[in-house]
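Student: can you look at this prediction? I've put the sequence above it.
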Amino acid sequence: MTKNNKIKVPTHLSPKMKQFYKHVCEQYNLENHHLIILTKACESLDRCEEARKQLETDGLTTIDRYGTVKIHPLCKLELDSKNSARLLLRELGLDLEPASEPGRPPRLY
């Protein structure tokens, strides 16, 4: 995607992730396959945030039908989503500095 192309931000993302998506697209020259990875990373970060917010309400533990305290199932969802986003962003090379690292989409100047 060149800088002159209009950025088509996925409408299902949260406002924060829409802003992040647009920022990344403005900073890097991304191909279509990069945009798919970026979308999946943003979805994972949204899912992580949703789980975190629900955990604030529910707490980190829950009681099962036998009265045993267990870790809340959303803890795993939060962790899995966070790890998915981390790996997808690494796949794009966005976890690296400086921008000249091999494999990263070229930065638009």
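Tutor: Looks like it came in fine.
Student: the strands in the protein, which residues?
Tutor: Using DSSP state E, the strands of the chain run over residues 61-63, 69-71.
Student: what distance separates the first one from the centre of its chain?
Tutor: By that I understand strand 61-63. Relative to the centre of its chain, strand 61-63 is centred 27 Å away, using Cα atoms, centre = their mean, to the nearest Å.
Student: that one - contacts with which helices or strands?
Tutor: The contact analysis (3 or more Cβ pairs under 8 Å, 6 or more residues apart in numbering; DSSP states H and E) places strand 61-63 against strand 69-71. C-beta here means a position set from N, CA and C on the backbone, and glycine is covered the same way.
Student: partner strands of the strand it packs on, with direction?
Tutor: strand 61-63 (antiparallel) (DSSP bridges).
Student: identify the residues contacting the partner strand?
Tutor: With contact meaning Cβ atoms under 8 Å, 6 or more residues apart in numbering, strand 61-63 is reached by 69, 70, 71, 72, 73.
Student: Serialize these to a markdown table and add fields for neighbour count and distance to residue 25.
Tutor: Output for the contacts of strand 61-63, formatted as a markdown table (neighbours: other Cβ atoms under 10 Å; distance: Cβ to Cβ, whole Å):
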| residue | neighbour count | distance to residue 25 |
| --- | --- | --- |
| 69 | 9 | 45 |
| 70 | 11 | 41 |
| 71 | 10 | 37 |
| 72 | 16 | 35 |
| 73 | 11 | 34 |
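Student: what comes up buried for the longest helix anywhere in the chain?
Tutor: In the chain, assigned by DSSP state H, the helix with the most residues is helix 32-58. Neighbour counts over helix 32-58 (16 or more other Cβ atoms under 10 Å) mark 34-35, 37-49, 51, 55 as buried.
Student: can you check stretch 70-86 too?
Tutor: Buried residues in stretch 70-86, defined by neighbour count with 16+ other Cβ under 10 Å: 72, 74, 75, 77, 78, 81, 82, 84, 85.
Student: which strands or helices does the longest helix of the chain pack on?
Tutor: helix 15-27, helix 73-92.
Student: what's the average pLDDT for stretch 86-99?
Tutor: Regarding stretch 86-99, the rounded mean pLDDT is 79.
Student: how about stretch 63-72?
Tutor: Averaging pLDDT along stretch 63-72 gives 95.
Student: thanks a lot, see you next time.
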